[in-house]
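In: Just a sequence and a predicted model for now, questions to come.
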Amino acid sequence: MSLADELLKLEQLRERGSLTSEEFERAKTRLLGTGAAPVGSTRLAQSLNSLRRSSTDKWIAGVCGGIAAVTGVEAWIWRLLLALLFFAGGVGLVLYILLWIFVPAE
């Protein structure tokens, strides 16, 4: 179904009284993709953009301290998780090195 057909169906639903004007506008905005991003994705994007390696809470490069600052979870939990992942095939080491390279310092 094309975009024009979907907009036409929305208009017909509004004329019949199946949709209120507010519901019609929300659905139209969603179809056209011109609305604001959903609240959850905005929060996630802000968190990812604020991720920085910690200069104070660090053992090696500050990756776990930086993740802890963004998530609110203690840094030792992140260190333990990455250590466990390290012993599970080296995934923790690879992940830590990638974060060390791509996450900027404070």
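Out: Here it is on my side, so go on.
In: So which bits of the helix or strand hosting Arg30 are buried?
Out: If you go by DSSP states H and E, Arg30 is part of helix 21-32. Neighbour-count burial for helix 21-32 flags Phe24, Ala27, Lys28 (criterion: 16 or more other CB atoms under 10 Å). The way it works is simple: take the backbone N, C-alpha and C, and place the C-beta from them, glycine included.
In: ok, then the element right after the lowest-mean-pLDDT helix or strand in the chain?
Out: Within the chain, no helix or strand scores below helix 39-49, which has a mean of 67 by mean pLDDT, DSSP states H and E. Note on helix 39-49: by DSSP H and E, the next helix or strand toward the C-terminus is helix 63-71.
In: Show me how far stretch 15-30 is from its chain's centre.
Out: 28 Å (CA atoms, centre = their mean, to the nearest Å).
In: List of residues touching that stretch?
Out: Leu7, Leu10, Glu11, Leu13, Arg14, Gly35 (CB atoms under 8 Å, 6 or more residues apart in numbering).
In: What's the ChimeraX line that selects buried ones from those?
Out: A single ChimeraX command is used to select the members of the contacts of stretch 15-30 judged buried by 16+ other CB under 10 Å:
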select :10,14
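In: Break the protein into its domains for me.
Out: 3-35, 41-102 (automatic domain parsing).
In: Give me the average confidence score over the first one.
Out: What that stands for is domain 3-35. The average of the pLDDT scores along domain 3-35 is 83.
In: Then stretch 83-103?
Out: Here the average pLDDT along stretch 83-103 is 90.
In: quick one on the thing from earlier: I'd like the contacts of stretch 15-30 laid out as CSV, including distance to Asp57.
Out: Converted to CSV, the contacts of stretch 15-30 look like this (distance: CB to CB, whole Å):
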residue, distance to Asp57
Leu7, 52
Leu10, 51
Glu11, 56
Leu13, 54
Arg14, 54
Gly35, 38
